[in-house]
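Student: predicted structure and sequence below. I'll ask about it afterward.
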Amino acid sequence: MRPNLSQISHLTPIAIGAHISYLINRMFFSIIIPLYNRPQEIKELLETLALQTYKQFEVLVIEDGSTDDAEEIVKSFSNQFDIRYFVKPNSGQGFSRNFGFERAKGDYFVIFDSDCLIPKNYLQAVNDSLTANWLDAYGGPDDAHPSFTPVQKAISYAMTSPFTTGGTRGSKKGIGQFHPRSFNMGLSRKAWEKAGGYVITRLGEDIEFAIRINSLGFKIGLIPDAKVYHKRRTDFYKFYKQLHFFGRARINVYKFFPKGLKLVHFFPAFGTLFIFFTVIANIARWRISVLCNISLTVYILLIFFHAWFKNKSLKIAFLSIIASFTLLIAYGLGFMQDFCKRVILKIS
């Protein structure tokens, strides 16, 4: 709960500090979850929230124009914790989160995607971290749950590998300012009130929101212990579509913050062009094809052995190669598509 200083102004500075610390230690969280046609996913997510060791929270489920709603599932948890269910016309996840912000009771908001599973000590870890080192907004890492399929674990590897995304997701070591992502993110009520919520509802809405919060002078950081298990996609075709969308989203954010587009964001596009060049070089039997083939072979072996070491599974290691190249090409093509269209040709 937010400290009311008017009620404690008669106390000594030390006593005021102790009182504020006491209130922070009893922080009340509002968990906001947008939902679209995923009743089984929200059931599994809510089951993990029912096991939280830290009990001071509410849950707001925002049904975003679904045709397959989860009303009965959500209501079945009403005797386990404070939960509210809202139905609204479809507007996308960003504006659905805004809908939740406006109705939340807490002074700190936590945002999850519906395809996440939450470890039972998540809220306790967040509360402890914010008490020790206050952040106006935070993000946390994601990982693959033991129950996930081999394809899901391979996709999770690709999304967190040092050979694909640079390994900066959920890592203390990153390139530039850390930007929380909305599958696992929190922000204070004050940060929301000042920033005004999401201004785009999809296609990079979380990156734009994080950059804007940071630009307003709020303190943003990673809480390493605030981990979630993120299911990602269940097959490579869906994963390809998602990452192609992510590549386009980076250019959408550029339209709001041109200085936010860095050289590192071009790397997947460079990698995609290199793969295509290698294919052409082999077909044309150019001498440089030998060097290209060696480079790709080394890259594949690095992915394979690193994924094998991390997951202790040969099957997941092989699938991780497919997932990594899917990520690289899908993101690269999406990025190049909208870069040419919206940056070079100036087509909205």
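Tutor: Perfect, I can see it now.

Student: hey, let's count contacts and neighbours off CA atoms from now on
Tutor: Fine.

Student: tell me how many other residues surround the closest residue to residue 49 other than its chain neighbours.
Tutor: The shortest distance from residue 49 to any non-neighbouring residue, by Cα to Cα, 6 or more residues apart in numbering, is to residue 118 (6.5 Å). Number of residues near residue 118 (other Cα atoms under 10 Å) recorded here: 24.

Student: try residue 150
Tutor: Residues lying near residue 150 (other Cα under 10 Å) number 19.

Student: over to residue 330?
Tutor: For residue 330, the neighbour count with other Cα under 10 Å is 24.

Student: which SSE is it in?
Tutor: Assigned by DSSP states H and E, residue 330 belongs to helix 314-338.

Student: flag every buried residue along that helix.
Tutor: Buried residues in helix 314-338, defined by neighbour count with 16 or more other Cα atoms under 10 Å: 316-338.

Student: and residue 317, how far from residue 303?
Tutor: 8 Å (Cα to Cα, to the nearest Å).

Student: swap in residue 268?
Tutor: Plainly put, residue 268 is 15 Å away from residue 303 if you go by Cα to Cα.

Student: swap in residue 290?
Tutor: 20 Å.

Student: more neighbours: the two, which one.
Tutor: residue 303 (24 against 13).

Student: can I get the helix or strand encompassing that one in CSV? Just the C-alpha atoms.
Tutor: Residue 303 is part of helix 288-311, with elements assigned from DSSP H and E. C-alpha atoms of helix 288-311 as CSV (Å, rounded to 0.1, in the frame of the first residue of the first chain):
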residue,chain,number,x,y,z
ILE,A,288,33.6,-18.2,-51.3
SER,A,289,30.9,-20.8,-50.7
VAL,A,290,33.5,-22.9,-48.8
LEU,A,291,34.2,-20.2,-46.3
CYS,A,292,30.4,-19.5,-45.9
ASN,A,293,29.8,-23.2,-45.3
ILE,A,294,32.5,-23.4,-42.7
SER,A,295,31.0,-20.4,-40.9
LEU,A,296,27.5,-21.8,-40.9
THR,A,297,28.8,-25.2,-39.7
VAL,A,298,30.6,-23.7,-36.8
TYR,A,299,27.5,-21.7,-35.9
ILE,A,300,25.3,-24.8,-36.0
LEU,A,301,27.7,-26.8,-33.8
LEU,A,302,27.9,-24.0,-31.2
ILE,A,303,24.1,-24.0,-31.0
PHE,A,304,23.9,-27.8,-30.9
PHE,A,305,26.5,-28.3,-28.1
HIS,A,306,25.3,-25.4,-26.0
ALA,A,307,21.6,-26.5,-26.2
TRP,A,308,22.7,-30.1,-25.4
PHE,A,309,24.7,-28.9,-22.4
LYS,A,310,21.8,-26.7,-21.2
ASN,A,311,18.9,-29.1,-21.7
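
Student: name the helices or strands packed onto that helix?
Tutor: If you count contacts as 3 or more Cα pairs under 8 Å, 6 or more residues apart in numbering; DSSP states H and E, helix 288-311 packs onto helix 267-284, helix 314-338.

Student: turn those into CSV, including mean pLDDT and distance to residue 146.
Tutor: What follows is the helices and strands packed on helix 288-311, written out as CSV (pLDDT from 0 to 100; distance: least, Cα to Cα, whole Å):
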stretch, mean pLDDT, distance to residue 146
helix 267-284, 97, 29
helix 314-338, 97, 12
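
Student: list the contacts for residue 48?
Tutor: Residues near residue 48 by Cα atoms under 8 Å, 6 or more residues apart in numbering: 117-120.

Student: 10 Å - rerun?
Tutor: Applying Cα atoms under 10 Å, 6 or more residues apart in numbering to residue 48 gives the contacts 42, 116-120.

Student: cool, thanks, talk later.
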